[in-house]
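**Student:** need a 3D model of the sequence below.
(one chain, ligands or ions: 1)
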Amino acid sequence: MVNIELEQSNRREVTRVLNNLLSDEYLLSTKTKNYHWNVTGPHFHDLHTLFGYQYVELDVLIDRLGERIRALGGNAFGTMTDFLRCTRLQERPGMRPSELTMAEDLYDDHKILLLSLRGSLAGNASLRSDIGTTELLTSAIQEHEKMASMLQSVLGKHDQLKKWLKAQEDIQREIGIEVLVPTSSAT
Ligand SMILES: [Fe+2]
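**Tutor:** So this is what the prediction gives:
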């Protein structure tokens, strides 16, 4: 084990936090792969590419977390049983969300992870005493912020499109044209 100047009890606590985060990242990576493979619709190409790029980023982060746990002398989780037991995120088995619901779901998960990361860095004294892990989690925050902002761009476009469609329908109603609302834009 590398000689890291960190109390044994702190090391255990940091390992616990990192294994929880590893579980969350693993679930999010799996969900992102699922959406990369199964996305359909008019934004297929953009979302397929974006989700593909993002799961690669998440897998790089996952590897860094696992190796950091080992450097601290802990055992990194490596089974789906452990990941599912410890993750704070939710899977949606059996559901086939629309393409923009996929982006929204991933966006929400990134927001949960950002809250969790910021909370750990601000409130966990053991973590704050470990500069190496603090640096890793700070870069994880930057990665999640970047991924969330890209998803937000997709969703922002969607919101604008929905507003535009709604405005068009209102205008058509005002001038007395019958409006046929497709089910996909009815909400
Ligand atoms: Fe692919």
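**Student:** next up, the contacts around Thr15.
**Tutor:** Contact analysis of Thr15 by C-beta atoms under 8 Å, 6 or more residues apart in numbering lists 69, 72-75. The way it works is simple: take the backbone N, C-alpha and C, and place the C-beta from them, glycine included.
**Student:** and the host helix or strand of Gly66, average pLDDT?
**Tutor:** Element membership for Gly66, per DSSP states H and E: helix 44-71. What helix 44-71 shows for mean pLDDT is 97.
**Student:** chain center to it, what's the gap?
**Tutor:** With C-alpha atoms, centre = their mean, to the nearest Å as the basis, helix 44-71 stands 10 Å off its chain's centre.
**Student:** packing partners for it?
**Tutor:** helix 8-38, helix 99-123, helix 131-174 (3 or more C-beta pairs under 8 Å, 6 or more residues apart in numbering; DSSP states H and E).
**Student:** out of the ones you listed, deepest packed?
**Tutor:** The highest mean neighbour count among the helices and strands packed on helix 44-71, using mean count of other C-beta atoms under 10 Å, belongs to helix 8-38: a mean of 20.
**Student:** which residue is nearest the middle of this structure?
**Tutor:** Nearest to the mean C-alpha position of the chain, by C-alpha atoms, centre = their mean, lies His110 at 3.3 Å.
**Student:** once you drop chain neighbours, what's closest to that one?
**Tutor:** Spatial nearest neighbour of His110, chain neighbours left out: Ala148 (3.9 Å); criterion: C-beta to C-beta, 6 or more residues apart in numbering.
**Student:** what about that neighbour, distance to Leu50?
**Tutor:** Shown here: Ala148 relative to Leu50, a distance of 12 Å by C-beta to C-beta, to the nearest Å.
**Student:** report pLDDT for the nearest residue to His48 once chain neighbours are set aside.
**Tutor:** Using C-beta to C-beta, 6+ apart and skipping the chain neighbours, the partner closest in space to His48 is Val39 (5.5 Å). Confidence at Val39, expressed as pLDDT, is 95.
**Student:** ok, Leu28 next?
**Tutor:** 98.
**Student:** for it, what are its contacts?
**Tutor:** With C-beta under 8 Å, 6+ apart, Leu28 has these contacts: 58, 89, 106, 109-110, 113.
**Student:** ok, 7 Å please
**Tutor:** Residues near Leu28 by C-beta atoms under 7 Å, 6 or more residues apart in numbering: 58, 89, 109.
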